[in-house]
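> Give me the fold of what follows.
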Amino acid sequence: MAAVVRLFSPTGVDELSRRLQDAGFSVADVRFELAGVFPRLVVIADLPAAEAALLAEALKSLGGISFVQSRSASTSRCRLALIAQTSDLMALARTEQMAPSLAVELVRQLDEERPMPTQLVGRHCTLSLDRPRIMGVLNVTPDSFYAGSRQVALDDALRQGVRLAGEGADLIDIGGESTRPGAAAVDVDEELERVVPVIERLSREVDCPLSVDTNKSQVAAAAVAAGAEFVNDISGLQFDPRMAETVAQSGAGLFLMHTRGRPRSMQQDTRYDDLLGEIVGYLRASVAQAVTAGISENRLAIDPGIGFGKSFEGNLEILHRLKELHCLGRPLLLGTSRKSFIGKVLGVDNPADRLAGTLATISLGVASGAQIFRVHDVKPAREAALMAWAICREQMP
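Numbering: from 1, shown residues only. Predicted structure coming up:
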């Protein structure tokens, strides 16, 4: 895994200390050393220890502060925190101690205080992000984790899609394979049989754009030909080597999600040395792969993959640190709807009873800058998101 650079602009010592602690650093001496100055913080994950030591010494000579955190005694990789003014970090990027690839990425992030993306482009549509947008879930499966979202018969699926659109869905995500933890894979022919007829019919009956939830390039191609505007790939292009080229040729927009392993086995190992660092690195590589294949950045959105290869604590950490994903500069999709970590917090086993917890995550997601929310319950989710947005912006949505 290549080193991952993340830039922060803390507004005070408290925020700086918290961000350092989140990244695994000891902060006992930070308050004294900063002496009331609130500079920039750069965290570089998965860096060779020898390179980290050189960079730390170079920044010290420029007047900055650094912390090195080893992963373990058995590895030569580590995390490095650099605390300095922008001018000093720019100077560090020009030194021979910093590898050219790291220097380019650091300068890019220092130069680009990216505003929130204002739109996401699909095949034939443009989704404005001037307010939170709601993606309604339409599962054409017999085994999705939430029974209330399962629609097997074509007519039932069409009625459900029309209902979601009527409740205010800004787009509808249609999936023919359950990706709940432990779910078995569905073969291509069966997935095609499930989703293509629904997309063909529903695209003529609703005004909102449709997305296909698949990690198979054959299904993506057929779904877009049937009327889907977006492809939602839970693997971030990692399960099917033909997916990036297929989406590029189709002209569709693309949602890229982080996961670790396929649904059947993804919860077997949920340990991370640096959870947010790995998510950022994975999604940055997915974005780069998509762009290399010919998909323009304005067609790409990212998703941290709540519940996909993460522990209960990991899901809470992602939500707590959601703003860190804005370093990727792409619209952020958040999918927390009725998931098991909500049930664990609230002591609720049945997904049908997790709506209130879901709405809390949506409201906090709005406050953290998420722009698209994938939900089972469109109307209440839309109302919660718009209310949170109005409070955050102090204006009517």
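
> Give me the buried stretch members for stretch 89-96, please.
Buried positions in stretch 89-96, judged by neighbour count with 16 or more other Cβ atoms under 10 Å: L89, M90, A91, L92, A93. All C-beta atoms are positioned from the backbone trio N, CA, C, and that covers glycine.

> swap that for stretch 221-233, please
Across stretch 221-233, burial judged by 16+ other Cβ under 10 Å covers A221, A222, A223, V224, A226, G227, A228, E229, F230, V231, N232, D233.

> Which residue is the nearest non-sequential neighbour of C392?
Sequence neighbours aside, A367 is the residue nearest to C392 in space, at 5.5 Å (criterion: Cβ to Cβ, 6 or more residues apart in numbering).

> What's the separation between the one you found and L334?
Here the criterion is Cβ to Cβ, to the nearest Å. By it, A367 lies 12 Å from L334.

> Out of the buried residues of stretch 89-96, which comes closest to H326?
Proximity of the buried residues of stretch 89-96 to H326 (Cβ to Cβ) peaks at L89, which lies at 18.6 Å.

> Which of the three states applies to the closest one?
The three-state assignment at L89 reads helix, by DSSP: H, G, I helix; E, B strand; the rest coil.

> quick one, which of A367 and L334 is more surrounded?
L334 (27 against 14; other Cβ atoms under 10 Å).

> That one touches V375, doesn't it?
No: with contact defined as Cβ atoms under 8 Å, L334 does not reach V375; the gap is 9.4 Å.

> Between those two, which contacts overlap?
Common neighbours of L334 and V375 (criterion: Cβ atoms under 8 Å, 6 or more residues apart in numbering): I362.

> what's near enough to touch the closest residue to E57 other than its chain neighbours?
Leaving aside its sequence neighbours, E57 sits nearest to Q97 (Cβ to Cβ, 6+ apart; 7.7 Å). If you count contacts by Cβ under 8 Å, 6+ apart, Q97 has them with E51, L54, L55, E57, A58.

> In PyMOL, select just the buried ones from the residues you listed.
In PyMOL syntax, the buried subset of the contacts of Q97 is picked out as below (16+ other Cβ under 10 Å):
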select buried, resi 51+55+58
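
> of the contacts of Q97, closest to D22?
L55 (20.6 Å).

> which stretches of the stretch 1-150 of the chain have low pLDDT?
1, 27-38, 70-75, 112-114, 143-150 (pLDDT under 70).

> show me where it has helices.
For the stretch 1-150 of the chain, helices defined by DSSP state H, counting those that start in this stretch occupy the ranges 13-22, 30-34, 49-61, 86-93, 100-111.

> Output those helices in TSV; the columns should cover distance to A290.
As requested, the helices of the stretch 1-150 of the chain are exported to TSV (distance: least, Cβ to Cβ, whole Å):
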stretch	distance to A290
helix 13-22	28
helix 30-34	38
helix 49-61	29
helix 86-93	26
helix 100-111	18
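
> between those, which gets nearest to Q267?
Per Cβ to Cβ, nearest to Q267 of these: helix 13-22, 23.2 Å.

> what packs against the closest one?
Using 3 or more Cβ pairs under 8 Å, 6 or more residues apart in numbering; DSSP states H and E as the contact criterion, the elements in contact with helix 13-22 are helix 30-34, strand 40-48.

> which residues touch the spatially most central residue of the chain?
Against the mean C-alpha coordinate of the chain, by Cα atoms, centre = their mean, the closest residue is D303 at 2.3 Å. Shown in contact with D303 (Cβ under 8 Å, 6+ apart): F255, L256, M257, H258, L332, L333, L334, G335, R374.

> One more: A93?
L102, A103, L106, V107, L110.

> Please convert the buried members of those into ChimeraX selection syntax.
Filtering those down to the buried ones (16+ other Cβ under 10 Å) takes a single ChimeraX command:
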select :102,103,106,110
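
> Now flag whichever of the contacts of A93 is closest to Q268.
Among the contacts of A93, and counting by Cβ to Cβ, the member closest to Q268 is L102, at 32.8 Å.

> From the geometric centre of the chain, which residue sits farthest away?
Most peripheral residue of the chain (Cα atoms, centre = their mean): S61, 36.9 Å.

> so how far is L92 from that one?
Applying Cβ to Cβ, the value for S61 to L92 is 9 Å.

> quick one: low-confidence parts of the stretch 201-350 of the chain?
In the stretch 201-350 of the chain, residues with pLDDT under 70: 265-266.

> residue boundaries of the helices in it?
217-226, 243-250, 275-293, 312-320, 340-346.

> most tightly surrounded among those?
Burial of the helices of the stretch 201-350 of the chain is given as mean neighbour count (mean count of other Cβ atoms under 10 Å); helix 217-226 ranks first at a mean of 22.
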